[in-house]
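*Asks:* with the sequence up front, the predicted model follows.
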Amino acid sequence: MISEEEALERILEAVQPLPARKLSISKSLGCFAAEDYLARLPLPAFDNSAMDGYAVVASSCRKGQRLRVIGEQPAGRDKQLCVSRGEAIRIFTGAPVPRGADAIVMQEDVTRDGNEIVANTDVEAGEFVRRRGCDLAEGQRILPKGERIYAARTALLASQGFAEVTVGGEVNAAILSTGDELVDPGEKIEPGQIYDSNSLLLDASLQRCGTVVNSVEHCRDERESLMKAVKRAIKTHILIISGGVSVGERDLVKGVLRDLGAKIDIWRVAIKPGKPFLFAKIGECAVFGLPGNPVSAFVTFLQFLRPAILKMMGATNLDLPKVPAKLTLELTNDSDRPHYIRGKIEHGNFTPTGLQESHALFGLSQSNALLRLAVGQSLKADEIVDVQIWD
């Protein structure tokens, strides 16, 4: 049994980023940039109005003064208008500021009288003018290599005229659940059987990472069937096998993988829940054997699979986000392994949820964060702790 730190180090050494590809910006959401992107244009690209109103020379626009309206500038093509003292140009939000104007007076702050306006307030230079480059300078880095592309970043790339973006490779995966006791949801269940929840849990977790799930298959505890299923599944980048990796007589995964020529690099990790964890390579396919208990499967997915997937996708930050929170009750880890406590972070407080056992799916479903307790560590209520969040 090895430490979780050593296990993660070995896994990350064994997987490599996949070749980059080009996608349209609209298809790049959730991917990771494969190169740095720099601004081609300043934002805004020209001085423009922040309000519907009138472009004026501020020093000639004082309360009670009349100004002659000499034109109109809508948003769109610059009409190359020019304004002087005592004059005003009707302008709309986003429209280019006419030459000579140094302020915008809102339409609510004037009274229109034919071809003139009467100022109802004093106006200062710079009011309601968005200056060229005030948001973004030309040449400024807008998307660093290895960072995920979110919706707002697609908009920023589009604002710079990018139609395509180079992103990390697409990871595809297969899920193989094992066990005679498992039944697909919707089917009739017999005494002693349980519904297969791990396949859906892992499928959703993979999709959340941005992975393409090529297949989800269930296999009974039968050697030849398992071998055939594994052969079908190792055509993907990642194979996740749920169950069958412990030491029981019907835990067949380890032997089948060896018969297929797998190099088993990790078996059993000092982590709670999740000790019966396996990592192997068959050719170019990375094989992860997860415990059959759902909480164990989920915790090991977050700690080991998620970082590997992100590295393959070209990410630079492989860690789950961490936030500080106040612990609502006392906790102690008396076990011989670090313990990941499932809980809910809400209003800055972290509260463990439900049973802290490897089968307790309801408690997991109510949680959104993990607290790592080292071996022998004790924490008091009201202590500030760092927790990992995933949702």
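*Replies:* It's in. The model shown is predicted, which means the values in this text are computed figures rather than measured ones.
*Asks:* verify the stated contact: residue 360 with residue 352.
*Replies:* No - taking contacts as CB atoms under 8 Å, residue 360 lies outside contact range of residue 352: 10.9 Å. (Each C-beta comes from the backbone N, C-alpha and C, glycine too.)
*Asks:* domain-wise, how is the protein divided?
*Replies:* What automatic domain parsing lists as the domains of the chain is 2-17+170-313, 21-40+143-167, 48-130, 322-389.
*Asks:* turn these into JSON lines, including mean pLDDT.
*Replies:* Formatted as JSON lines, these follow (pLDDT from 0 to 100):
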{"stretch": "domain 2-17+170-313", "mean pLDDT": "92"}
{"stretch": "domain 21-40+143-167", "mean pLDDT": "97"}
{"stretch": "domain 48-130", "mean pLDDT": "97"}
{"stretch": "domain 322-389", "mean pLDDT": "96"}
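*Asks:* which one of the ones you listed lies nearest to residue 136?
*Replies:* domain 21-40+143-167 (5.3 Å; CB to CB).
*Asks:* now do the helices in the protein.
*Replies:* For the chain, the helices defined by DSSP state H cover 4-14, 151-159, 198-209, 223-233, 253-259, 294-300, 306-313, 361-365.
*Asks:* quick one, phi psi at the closest residue to residue 283 other than its chain neighbours?
*Replies:* Spatial nearest neighbour of residue 283, excluding adjacent residues (CB to CB, 6 or more residues apart in numbering): residue 234 at 6.7 Å. In terms of degrees, to the nearest 10, the main-chain angles of residue 234 are phi -80, psi 10.
*Asks:* wait, doesn't residue 234 sit right on residue 280?
*Replies:* No - the criterion here is CB under 8 Å, and residue 234 misses it with residue 280 at 10.2 Å.
*Asks:* now do the shared contacts for those two.
*Replies:* Common neighbours of residue 234 and residue 280 (criterion: CB atoms under 8 Å, 6 or more residues apart in numbering): residue 287.
*Asks:* quick one: residues in contact with stretch 123-143.
*Replies:* By CB under 8 Å, 6+ apart, stretch 123-143 touches 33, 36-51, 53, 56, 58-59, 61-62, 97, 101-106, 109, 149, 153, 156-157, 160, 165.
*Asks:* output that stretch as PDB, restricted to C-alpha atoms.
*Replies:* Output of stretch 123-143 as PDB, limited to C-alpha atoms (Å, rounded to 0.1, in the frame of the first residue of the first chain):
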ATOM      1  CA  VAL A 123     -21.500  68.300 -16.400                       C
ATOM      2  CA  GLU A 124     -17.900  67.300 -15.700                       C
ATOM      3  CA  ALA A 125     -15.300  66.200 -18.300                       C
ATOM      4  CA  GLY A 126     -15.200  62.500 -18.800                       C
ATOM      5  CA  GLU A 127     -18.700  61.700 -17.600                       C
ATOM      6  CA  PHE A 128     -20.200  58.700 -19.200                       C
ATOM      7  CA  VAL A 129     -17.400  58.300 -21.700                       C
ATOM      8  CA  ARG A 130     -15.800  54.900 -22.100                       C
ATOM      9  CA  ARG A 131     -12.200  55.500 -23.100                       C
ATOM     10  CA  ARG A 132     -10.500  53.500 -25.700                       C
ATOM     11  CA  GLY A 133      -8.500  50.600 -24.000                       C
ATOM     12  CA  CYS A 134      -9.900  51.200 -20.500                       C
ATOM     13  CA  ASP A 135     -10.900  47.600 -20.200                       C
ATOM     14  CA  LEU A 136      -8.200  45.800 -22.200                       C
ATOM     15  CA  ALA A 137      -5.000  46.900 -23.900                       C
ATOM     16  CA  GLU A 138      -3.700  45.700 -27.200                       C
ATOM     17  CA  GLY A 139      -1.200  42.900 -26.700                       C
ATOM     18  CA  GLN A 140      -2.500  42.000 -23.200                       C
ATOM     19  CA  ARG A 141      -2.800  38.300 -22.500                       C
ATOM     20  CA  ILE A 142      -6.400  37.300 -22.500                       C
ATOM     21  CA  LEU A 143      -6.200  33.500 -22.300                       C
END
